[in-house]
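In: Turn this into a structure:
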Amino acid sequence: MKKRRKNNHNHTENKDRISDLPDCILFHILSSLETKHAVQTTILSTRWNNLWKRLPTLRLNSTHFKTLKSFTKFVSRVLSLRDESTALHTLHFQRKGSVEPPILSKLVAYAASHNVQRLDIFARCDSVYFLPYFFKCNTLTSLNLSSSPIPNTAKKPFPSLMTLPALTCLSLQWFAFHGNKSGRVEPFSRFQRLNTLILENCQIVGVPNLCISSTTLANLTIQSNDGLSDFCGIELSTPSLCTFSFTGNPLEILYGSRLSSIEHVSIDVNVAWISEKFPSVLLSWLIEFSSIKSLAVSSTTLQVYHNRVYKLKIFCP
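Out: Just a heads-up that it's a prediction; the model follows:
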């Protein structure tokens, strides 16, 4: 009897409890891994053989591969072997160096045809002709695009006719917005559900001002770290805007007819390159934000005021 109990005890200790979990829990665990590592779980047991093929999340990152060629082959292999009946909730693609446009086109087309909801692409590309595939992404709610420029090339144009009816969160890095025939740049008015907008190192072409027009936009973040002004002016037509955050070089004139809705403002000035215009621009912003409830400024922002024009005084009631 003692020997039998010992064997039962060993059997209990050696039992694969994780493999006995239901599929939904295993999918949740595997979705948090890089897809390369999720595929490698097939060696654990027959229970894991095809689990990765039905994952709702793909995380493809070239940093986990010895060569970019092997990474490209892996991406193509994953798309061809994945279960076609499984919807794709999230696709995260990150590739160092330049990437061939056909690869991105294939990736985006696949995501669009599998009802993707969140799409993150971080890749350097000499063309963005893959962007029209987004017109078919009626399920997309979150889009994060970073098209870091190839040296000595212009920033990539962002299509002005894109709609994306379900989109609520948009983050763009290193894109250019071109003026239309009416002399305006208004690239976001077609997004009827947009709640959060993040612009980093973007610029406009053909006109001096960027118009951000949205009745649903609540959070706006602008990061400008180029050392030069990306826009001459920013016109806000955003009656629901609650939070405004700015990081970089404040050279743009900020104005709008309905800024009283803004409650929270954050400003962080980049002191690596300081212009004499900074203090006056910042002051004009604060005048526009006269109805805010909270203001957060970095120490470098205060330094601009102190060193250039103003002396900071704090009055306590």
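In: So which residues of the stretch 51-200 of the chain form helices?
Out: With DSSP state H, counting those that start in this stretch, the ranges of helices along the stretch 51-200 of the chain come out as 68-81, 101-113.
In: most packed of those?
Out: helix 101-113 (a mean of 18; mean count of other C-beta atoms under 10 Å). The C-beta positions use only the backbone N, C-alpha and C, and glycine is treated the same way.
In: so where's the stretch 1-150 of the chain uncertain?
Out: Judged against pLDDT under 70, the low-scoring parts of the stretch 1-150 of the chain cover residues 1-16, 126-129, 149-150.
In: likewise the stretch 151-300 of the chain?
Out: When the per-residue scores of the stretch 151-300 of the chain are filtered using pLDDT under 70, the ranges that remain are 151-153, 181, 183, 226-231, 257-258, 271-275.
In: try 50 this time
Out: Using pLDDT under 50 as the threshold, the predicted model of the stretch 151-300 of the chain has low-confidence ranges 227-229.
In: And the strands in it, which stretches?
Out: Secondary structure of the stretch 151-300 of the chain by DSSP state E, counting those that start in this stretch: the strands cover 156-157, 169-173, 175-178, 196-200, 203-205, 209-213, 219-224, 233-237, 243-248, 253-256, 264-269, 294-297.
In: Turn the helices of the stretch 51-200 of the chain into CSV, including distance to residue 19.
Out: Compiled in CSV, these are given as follows (distance: least, C-beta to C-beta, whole Å):
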stretch, distance to residue 19
helix 68-81, 21
helix 101-113, 29
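In: residue contacts, the nearest residue to residue 184 once chain neighbours are set aside?
Out: Taking C-beta to C-beta, 6 or more residues apart in numbering, and ignoring the residues beside it in sequence, residue 184 has residue 211 as its nearest neighbour in space, at 5.6 Å. When contacts are counted by C-beta atoms under 8 Å, 6 or more residues apart in numbering, residue 211 touches 184, 185, 186, 235, 237.
In: Find the pair from those with maximum spatial separation.
Out: Put simply, by C-beta to C-beta the two of the contacts of residue 211 set farthest apart are 185 and 237, 12.8 Å from each other.
In: okay, the two: which has more neighbours?
Out: Counting neighbours by other C-beta atoms under 10 Å for residue 185 and for residue 237 shows that residue 185 has the greater number, 24 against 17.
In: Go through the contacts of residue 211 and say which is closest to residue 64.
Out: Taking C-beta to C-beta as the measure, residue 64 lies nearest residue 185 of the contacts of residue 211, at 38.6 Å.
In: was I right about the closest one contacting residue 212?
Out: No: taking contact to mean C-beta atoms under 8 Å, the distance of 9.5 Å between residue 185 and residue 212 leaves them out of contact.
In: and the strands of the stretch 151-300 of the chain as TSV, adding distance to residue 87?
Out: Formatted as TSV, the strands of the stretch 151-300 of the chain follow (distance: least, C-beta to C-beta, whole Å):
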stretch	distance to residue 87
strand 156-157	29
strand 169-173	19
strand 175-178	28
strand 196-200	23
strand 203-205	36
strand 209-213	32
strand 219-224	27
strand 233-237	36
strand 243-248	32
strand 253-256	39
strand 264-269	36
strand 294-297	40
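In: Go through these and name the closest to residue 124.
Out: strand 156-157 (10.1 Å).
In: So what's the gap between stretch 49-65 and the chain middle?
Out: Relative to its chain's centre, stretch 49-65 lies at 20 Å (C-alpha atoms, centre = their mean, to the nearest Å).
In: residues of that stretch that come out buried?
Out: Of the residues in stretch 49-65, 51, 52, 55, 56, 57, 58, 59, 60, 61, 62, 65 count as buried by neighbour count, 16 or more other C-beta atoms under 10 Å.
In: ok, of the residues you listed, which one's closest to residue 248?
Out: Using C-beta to C-beta, residue 61 is the member of these that lies nearest residue 248, at 27.5 Å.
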